[in-house]
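1. Have a look at this prediction, sequence included:
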Amino acid sequence: MPFLIRLLPLLICLLVACPGDIAREQFVTPIMGTDLTLLIEGSDSARIKSAAQAVQAEVERLNNLFSTWIDTSALAMLNRKAGEGWTEAAPEILSVLRVALEYSAASHGAFDITAGPLVRLWGFFARVERRPPNPEDIARTLTRIGSEKLDIDFANGRIRFDIPGMEIDLGAIAKGYAVDRARDVLRSKGIGAALVNLGGNISFFGLPKGRDSWSIAVRDPRSREGLLGTLNLGNNFAYRGIASSGQYERFFEYEGRRYGHIIDPRSGYPVEGILGTTIIAPDATRADALSTTTFVLGPDHAVEFVRELEDVLAIIVLVSDDGSIHMRISHALRPYFELAPEAGEVLLDSF
Ligand code: ADP
Ligand code: MG
């Protein structure tokens, strides 16, 4: 009996997962041109570590599939076959393409995974000194852009590019897809609460110990460290995807003007007019695609576009004429958003 009494607390711990023993561990790995940050909670440190390693391996695998920076990636090899007839494509490339094409069509080409040659022309696919290309080169490059020039045979798992020199660039959607897969891995490893953040593409499930929400920062697109506010998201947002787009990380300045890495495939020029977008969608793949889509659409069309979509919420960040911040936030998201005191004067309205 005394033995059983001594054993009892341990047994209870095993059955109910002792709250006192819950630890949160953080893992940061540079990958896909950004950082993968994992916050994992649990009572078993070995399980947390092995789950984190499994996620890192999964994201590494996806990088080797999708990256256009890796010559031997499945996508880079597929792109080299442009203009050479039908080529077999990996099932995961096809499933990401399916979502991408959906939003290309819905946005009438504002989002387009064939924008790669333009991104390259503007110098964003290499670490080079950048300056705006000349208009003739932009016009010439535009002839190779447009997902309608891709034949995708989903039934037989193959792709044909109509024009040599076309390329598929999943830079605006692959990180979101990787976050969804990372989340699946954590779940399959029996983790109860975690948050995955891959360069601003986020998903979570469960809740941090003793709290009813995760705090997710909304950055100030005007500065590197600044904060506009926090989204406090709990279980009603679990398993969804959150993503932000802006021109505040990858851009160059030339003759006093700023040019960013998100290009409008309709004009061939970097997008201006919006500072940043944050999207909450049913999954991170969609959130990633939609953050870029809304960014390209510009403030008015982005609001209309989001209103039409079921289960999608957004924050659109603009700059007013006097230089102050104007935030437009979906009505249903407003109760979860808290302005940061450091944000300064902000005009906040809901739609
Ligand atoms: P980030 O990758 O910085 O998080 P995004 O998700 O918005 O930001 O994706 C931007 C990337 O998407 C660019 O670096 C480029 O590779 C690609 N891209 C640029 N313009 C477009 C566009 N109009 N449609 C689809 N992809 C684009
Ligand atoms: Mg995106």
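-> The structure has been received and is ready for your questions. Ligands and ions are numbered 1, 2, ... in the order given.
2. Quick one: name the residues of the protein near ligand 2.
-> Ala172, Asp288, Ser291, Thr292 (CB under 5 Å from the ion). In short, each C-beta sits where N, CA and C put it, glycine included.
3. Counting only strands, which of those residues make the cut?
-> Nothing among the residues of the chain next to ligand 2 maps onto strands, per DSSP state E.
4. Name the residues of the protein found near ligand 1, please.
-> Residues of the chain lying close to ligand 1 (CB under 6 Å from any ligand atom) are 111-113, 115, 119, 124, 169, 171-172, 199-200, 245, 249-250, 261-263, 265, 288, 291-292, 296.
5. Which of those are buried? Put it as a ChimeraX command.
-> Buried subset of the residues of the chain next to ligand 1, written as a ChimeraX selection, criterion 16 or more other CB atoms under 10 Å:
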select :111,112,113,115,119,124,169,171,172,199,200,245,261,262,263,265,288,291,292,296
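6. Could you tell me which of the residues of the chain next to ligand 2 belong to helices?
-> Among the residues of the chain next to ligand 2, the members found in helices (DSSP state H) are Asp288, Ser291, Thr292.
7. Name the nearest residue to the last one, ignoring sequence neighbours.
-> If the residues on either side of it in the chain are set aside, Thr292 comes closest to Ala172, at 3.9 Å by CB to CB, 6 or more residues apart in numbering.
8. all helices for this structure, in order.
-> Going by DSSP H, the chain shows helices at 2-16, 45-66, 74-79, 91-106, 116-121, 135-142, 174-188, 284-297, 299-308.
9. May I see these arranged in CSV, with mean pLDDT as well?
-> Formatted as CSV, the helices of the chain follow (pLDDT from 0 to 100):
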stretch, mean pLDDT
helix 2-16, 40
helix 45-66, 97
helix 74-79, 97
helix 91-106, 98
helix 116-121, 96
helix 135-142, 98
helix 174-188, 98
helix 284-297, 98
helix 299-308, 96
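10. Packed most tightly, which of those helices would that be?
-> Burial of the helices of the chain is given as mean neighbour count (mean count of other CB atoms under 10 Å); helix 284-297 ranks first at a mean of 29.
11. Tell me what angle that one forms with helix 299-308.
-> Helix 284-297 and helix 299-308 are oriented at 150 degrees to each other (axes from the mean of the first three to the mean of the last three CA atoms, to 10 degrees).
12. Send me helix 284-297 as PDB with only the CA atoms.
-> Output of helix 284-297 as PDB, limited to C-alpha atoms (Å, rounded to 0.1, in the frame of the first residue of the first chain):
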ATOM      1  CA  ALA A 284      -1.500  28.300 -44.100                       C
ATOM      2  CA  THR A 285      -1.200  27.500 -47.800                       C
ATOM      3  CA  ARG A 286      -4.200  29.600 -48.500                       C
ATOM      4  CA  ALA A 287      -3.200  32.400 -46.100                       C
ATOM      5  CA  ASP A 288       0.200  32.600 -47.800                       C
ATOM      6  CA  ALA A 289      -1.200  32.800 -51.300                       C
ATOM      7  CA  LEU A 290      -3.900  35.300 -50.200                       C
ATOM      8  CA  SER A 291      -1.500  37.600 -48.300                       C
ATOM      9  CA  THR A 292       0.400  38.100 -51.600                       C
ATOM     10  CA  THR A 293      -2.800  38.300 -53.700                       C
ATOM     11  CA  THR A 294      -4.300  41.000 -51.600                       C
ATOM     12  CA  PHE A 295      -1.000  42.900 -51.500                       C
ATOM     13  CA  VAL A 296      -1.000  43.000 -55.300                       C
ATOM     14  CA  LEU A 297      -4.700  43.800 -55.600                       C
END
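13. Which positions in stretch 315-323 come out as buried?
-> Within stretch 315-323, the residues scored as buried using 16+ other CB under 10 Å are Ile315, Ile316, Val317, Leu318.
14. Please name the residues that touch the closest residue to the second one other than its chain neighbours.
-> Taking CB to CB, 6+ apart as the measure, Ile316 lies nearest to Arg328, with 4.5 Å between them; neighbours along the chain are not counted. Taking CB atoms under 8 Å, 6 or more residues apart in numbering as the contact definition, Arg328 lies against Pro299, Val303, Ala314, Ile315, Ile316, Leu318, Asp349, Ser350, Phe351.
15. what do you get for Leu227?
-> Here Leu227 is in contact with Ala217, Val218, Arg219, Asp220, Ala340, Glu342, Ala343 (CB under 8 Å, 6+ apart).
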